[in-house]
Each structure stands twice: as C-alpha cells, then as structure tokens.
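In: Fold the following, please.
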Amino acid sequence: MSTTRPYSPGDRGPEPGDGGASGTSPGGTGASPGGTPPGRQDRRLNFDGQSGVVPLARDFARQALYDWGWLPADTADQRAAAEDVLLVVSELVTNACLHAEGPDELWISCDKKVLRIEVSDQGSGQPAPRTPHRAGRPGGHGMFIVQRLCLDWGVIRTPGVAGKTVWAELGAPA
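Out: Purely as a prediction, here's the structure:
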C-alpha cells in the first residue's frame, strides 16, 4: 500500500492537465473516446448539483460492473469481488462527503486484471487509515477498509490546483 506514490506501478499516471483521469464521455456513462488503451474501459460520473451522491455512485458503479461482465456473478468469488468494488466506491465517496465538502467526480476504469476507482474532491486533507484501528468503535474505518480490500491506493495532487484525487485498485475476479 502506498499513500505517497501518485499512481500505481505500471500505470503511466495522470494525463497532463486532467488531475488523474482521462477520457470524458457525454453524460458520464460511456467509454472514453480516444486515449484509452485497448481492452480498457472507463466511466466517469460528475456529481455537480447532485444529491444522494453515495447511492448514486454505487448505482453508477454497479451498472459499470454489469456492462463489463463482472455482474451477474457466476461464482461466490466473482460476487465478492463485485461487492468489494461497490464498498470501496462507497467508502471513497463517503470520505469526500465527510472530509472535503463532497466529491466532484467518480472515475472507474477496468482492464482484464485491475479495476481502478478515482474520486476527486476539493479537500486539502490527506486520507489515511486511522491508527491504531479499533474494530469495535463506530466510524473511522473507511480507509482501513480500502487498504484491506485493494491491491493499492494513493492520492494524486496537482501543484497549484485545489483538491485531490484519491484512487484505489482492485484485482479483477478470476
């Protein structure tokens, strides 16, 4: 796990000027035009003016999982992988709501091996798992959950630009 590396190993990082996400599609629901490597699919959801952003984000992610063949799941492992994605989306969007005045955008991309989730916001804080983690206490478990479920996660900041993008990657189901 890395909270200092701006992007995961093997990822070429953010496109210049886009804060960590590339390829916008009209309405936020289609695959990105151009720039997307072969076999990689992505979706972007803008939260501008939206209410109920956590369920909205989960529904958006669930639809992407259906479109990409993760759902309906044939096995318990595939079902668990899809539920992990939905939980991580919920945790990242909830953190943006609680600590950064709400999310700006959700970006989900998938290739055959890895699904990447990015949530951008205007917050200046640094997300981190609460230490020490106290399982019996309410609240404060979001980034601990993300850390446990994901292959890797981190934060992208663009110098001179307010806000950040928190990203997390999960392995595709077998």
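In: rest of the way, CA atoms for contacts and neighbours
Out: OK.
In: and the nearest residue to residue 123 once chain neighbours are set aside, how many neighbours?
Out: Once flanking residues are discounted, residue 123 sits nearest to residue 100: 4.2 Å by C-alpha to C-alpha, 6 or more residues apart in numbering. Using other C-alpha atoms under 10 Å, residue 100 has 19 other residues around it.
In: Check residue 58 too.
Out: For residue 58, using other C-alpha under 10 Å, the count is 18.
In: ok, now the one 5 residues further on?
Out: Counted by other C-alpha under 10 Å, the residues lying close to residue 63 total 15.
In: tell me the secondary structure for it?
Out: When classified by DSSP: H, G, I helix; E, B strand; the rest coil, residue 63 comes out as helix.
In: Also residue 84?
Out: Applying three-state DSSP: residue 84 is helix.
In: quick one: contacts for it?
Out: residue 149 (C-alpha atoms under 8 Å, 6 or more residues apart in numbering).
In: Could you report the neighbour count for residue 69?
Out: 10.
In: Just give the closest residue to residue 163, not the sequence neighbours.
Out: For residue 163, the spatially nearest residue (C-alpha to C-alpha, 6+ apart) is residue 122, at 3.6 Å.
In: Wasn't residue 42 part of a strand?
Out: Yes: counting by three-state DSSP, residue 42 falls inside a strand.
In: helices and strands of the chain: which one has the lowest mean pLDDT?
Out: helix 142-149 (a mean of 92; mean pLDDT, DSSP states H and E).
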